[in-house]
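A.B. asks: no sequence on this one, just coordinates:
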């Protein structure tokens, strides 16, 4: 197995390269900087990208580049393309690519997807997904840009209405191990809520909050004046602690928490790549169609991620 990691020296990619190599898997960091890349790649030029695929069996996109042509080029060659993006429109388009594409690989979507599927299995009914991110973590530019690009944008709710990102606050009971102070999360357009709503036949809704009340309130305010995104801070107050949970209709939660969002995403991606070595895919596939939470839990526990469940308080 020979894995090419686009953005292989970025916030997520650098962890993924290290994890795969530690597991004896050949991993090449790809990017435009010859000083840092094992294989120099410019994904904005089709010819240059095609040449970089020589001898590659799997491509993981950690570069934040959302260009269908990249996945299509891999698909034409029978190379598995693994995507960590949470962007709904892009992921929906990837699901129509003819070839081996793996979707929803990361913390959110990814781990959130598996928690939601687990919660639904325990209590079939509507699911609320809460993503809590440490606003103090140093993210790559793609992750920061993704958050700010949601400002002012709308997306469809399962009830047919349009929802503006970072509105519609809701409260969740956060596990104590996450060390998050209690305040509401707000709606956000993560791709897996749409996939799971369609697949499970029940409303699945995603909510986002940061560990900083000030930073969360800032997003909720800026979504009404999206033009101000240009002056929004690159770094915000907070820690590197994250927490994700899926809440069933009966109020019970399935959750996971840890430190370092980028490392968590890379750990999920590494486990997925290993599974692809054992189980070949030929069509667009979501992570929960390849892995289950029980399979992934052992891998994630080695990086300090903790899992738990809480029952509804009656």
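C.D. replies: Arrived safely, thanks for sending. Keep in mind the model is a prediction, meaning the values are calculated, not measured.

A.B. asks: okay, CA-based contacts and neighbour counts for the rest of this
C.D. replies: Noted.

A.B. asks: this structure: helices as residue ranges?
C.D. replies: With DSSP state H, the ranges of helices along the chain come out as 13-22, 46-52, 68-76, 88-94, 112-122, 141-149, 191-200, 213-222, 261-278, 293-301.

A.B. asks: list the residues that contact the nearest residue to residue 71 once chain neighbours are set aside.
C.D. replies: Counting by Cα to Cα, 6 or more residues apart in numbering, residue 81 is the residue found nearest to residue 71 once chain neighbours are left out, at 6.0 Å. Contacts here follow Cα atoms under 8 Å, 6 or more residues apart in numbering; on that basis residue 81 touches 58-61, 71, 74-75, 100-102.

A.B. asks: gap between residue 81 and residue 74?
C.D. replies: Using Cα to Cα, to the nearest Å, one gets 6 Å for the distance from residue 81 to residue 74.

A.B. asks: what residues are shared contacts of those two?
C.D. replies: residue 59.

A.B. asks: picking up where we left off before, give me the beta-bridge partners of the residue nearest to residue 71?
C.D. replies: residue 59, residue 101 (DSSP bridges).

A.B. asks: let me see the confidence value for it.
C.D. replies: pLDDT recorded at residue 81 is 99.

A.B. asks: now the angle between helix 261-278 and the least confident helix or strand in the chain by mean pLDDT, please.
C.D. replies: Between all helices and strands in the chain, the lowest mean by mean pLDDT, DSSP states H and E belongs to helix 141-149, at a mean of 78. Angle, helix 141-149 to helix 261-278, by axes from the mean of the first three to the mean of the last three Cα atoms, to 10 degrees: 110 degrees.

A.B. asks: just the angle between helix 141-149 and helix 213-222, please?
C.D. replies: 60 degrees.

A.B. asks: that older thread, out of the helices of the chain, flag the one nearest residue 249.
C.D. replies: helix 112-122 (9.0 Å; Cα to Cα).

A.B. asks: look up how far residue 255 lies from residue 308.
C.D. replies: Going from residue 308 to residue 255 by Cα to Cα gives 5 Å.

A.B. asks: now swap in residue 133 and tell me
C.D. replies: With Cα to Cα as the criterion, residue 133 and residue 255 are 14 Å apart.

A.B. asks: next: residue 87.
C.D. replies: 22 Å.

A.B. asks: quick one on the thing from earlier: could the helices of the chain be laid out in CSV, adding mean neighbour count and distance to residue 207?
C.D. replies: Shown next, in CSV, are the helices of the chain (neighbours: other Cα atoms under 10 Å; distance: least, Cα to Cα, whole Å):
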stretch, mean neighbour count, distance to residue 207
helix 13-22, 20, 26
helix 46-52, 14, 36
helix 68-76, 18, 27
helix 88-94, 16, 14
helix 112-122, 22, 11
helix 141-149, 15, 13
helix 191-200, 19, 10
helix 213-222, 18, 11
helix 261-278, 21, 16
helix 293-301, 15, 21
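
A.B. asks: lowest mean pLDDT across the ones you listed, which one is that?
C.D. replies: helix 141-149 (a mean of 78).

A.B. asks: domains in the chain, by residue range?
C.D. replies: Recorded structural domains for the chain (assignment: automatic domain parsing) are 2-106+263-292, 108-259+303-310.

A.B. asks: out of residue 308 and residue 255, which sits in the busier spot?
C.D. replies: Taking neighbours as other Cα atoms under 10 Å, residue 308 and residue 255 compare with residue 255 leading, 26 against 12.

A.B. asks: tell me the contacts of the more buried one?
C.D. replies: Per Cα under 8 Å, 6+ apart, neighbours of residue 255: 115, 175, 243-246, 307-309.

A.B. asks: now that we have the residues you listed, which of them are buried?
C.D. replies: For the contacts of residue 255, a neighbour count by 16 or more other Cα atoms under 10 Å gives the buried set as 115, 175, 243-246, 307.

A.B. asks: quick check: the gap between residue 33 and residue 40.
C.D. replies: 7 Å.

A.B. asks: ok, now residue 18?
C.D. replies: Counting by Cα to Cα, the gap from residue 18 to residue 40 is 18 Å.
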